[in-house]
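Peer 1: When you get a sec, could you give me coordinates for this:
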Amino acid sequence: MSETAALLEIFGIRLRYLPTWRIVPDQTYTLTYDSGLFRFEENVMEKRSRVSLGLRWESSQSDNETFLREFGENMEREYQKSLKGKSHQLEMLRNEILETDRGVRLRFIETQYKATQSLVNNPRKMQRLRVCNAAFYCETTHRMVIASLVTTPQYMEENRERLERCLLSLETRKVYSPEEETQRMEERARRREAARQKAQRPLAGLAGRFRKKEKSNMEAPEAETQSVGREDTAR
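Peer 2: Presented below is the predicted three-dimensional model:
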């Protein structure tokens, strides 16, 4: 990696970025070990950023080969859908599986399409955008990790080498011991199963609340009767 690159590590996920960029957190996301989302962009005030690099991760159950295949298929479908079926506006420039110099097998997708974006000087003007995605599933930490870069075709071609180096620097490292990771995933599985069963019985909780309310209503008159009885005795 060139000397001008900085290293970010968060929850065992590593990514190189340019030191002239800034981190822009997504206010709707809380960053945890299991999930997170934020992006980098140029640290400029007088003009719009020409590039955005997003980093996202999410816990899931899969394996890397399945994920690489499905990610490629799903990304193409999503782009087609977002463009309302106008496939002639989308150019698929690259869609391949690469192995980085760190031994990470990942899916690399590069597309170009027309869109209105804050990355262009006139947000009302349609302009071609270049989008690159590098993604893989970490079988050690059980998370999918995705780096997504959005820029203009001109900026991409002028800075391709260092931008691709940032994308292909994506990797993960072990944070928990194998035993701790197994326990963590078993606990997640238990929570998912409990949520699934609850979703299948949406009236169960409501029925339970009704029973508690009925019991409370029955106990109230009884308590009232006992109180009156004590008053009569006192007289």
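
Peer 1: Would you confirm that residue 149 contacts residue 55?
Peer 2: No: shown here, residue 149 and residue 55 do not form a contact pair, counting by Cβ atoms under 8 Å, at 10.2 Å. C-beta coordinates here come from the backbone N, C-alpha and C atoms, glycine included.

Peer 1: can you give me the end-to-end distance of stretch 157-175?
Peer 2: Distance between the two ends of stretch 157-175: 36 Å, counting by Cα to Cα, to the nearest Å.

Peer 1: Okay, buried residues for the helix or strand encompassing residue 163 please.
Peer 2: Assigned by DSSP states H and E, residue 163 belongs to helix 160-168. Going by neighbour count (16 or more other Cβ atoms under 10 Å), the buried part of helix 160-168 is 163-168.

Peer 1: Then stretch 54-74?
Peer 2: Result for stretch 54-74 [16+ other Cβ under 10 Å]: buried residues 54-57, 59, 64, 67-68, 71-72.

Peer 1: Which of these fall within strands?
Peer 2: Using DSSP state E, the members of the buried residues of stretch 54-74 that fall within strands are 54-57, 59.

Peer 1: Which strand residues bridge residue 59?
Peer 2: residue 143 (DSSP bridges).

Peer 1: so what's it up against?
Peer 2: 34-35, 142-143, 188 (Cβ atoms under 8 Å, 6 or more residues apart in numbering).

Peer 1: same deal with residue 11?
Peer 2: 31-33, 36, 57, 175.

Peer 1: wait, residue 144 sits on residue 136?
Peer 2: Yes: proximity of residue 144 to residue 136 meets the contact threshold set by Cβ under 8 Å, at 7.5 Å.

Peer 1: Which residues are in contact with each of the two?
Peer 2: residue 67.

Peer 1: between these two, which one's more packed in?
Peer 2: Per other Cβ atoms under 10 Å, whichever of residue 144 and residue 136 has more neighbours is residue 136, with 25 against 18.

Peer 1: In contact with the more buried one: list those residues for me.
Peer 2: 64, 67-68, 104-107, 144-145, 170.

Peer 1: helix, strand or coil for residue 156?
Peer 2: helix (DSSP: H, G, I helix; E, B strand; the rest coil).

Peer 1: Find the nearest non-adjacent residue to it, please.
Peer 2: residue 130 (4.4 Å; Cβ to Cβ, 6 or more residues apart in numbering).

Peer 1: The one you found: which element?
Peer 2: Per DSSP H and E: strand 127-138 holds residue 130.

Peer 1: Give the buried residues for that strand.
Peer 2: Buried-residue list, strand 127-138, by 16+ other Cβ under 10 Å: 129-138.

Peer 1: got the angle for it vs helix 160-168?
Peer 2: Strand 127-138 and helix 160-168 are oriented at 40 degrees to each other (axes from the mean of the first three to the mean of the last three Cα atoms, to 10 degrees).
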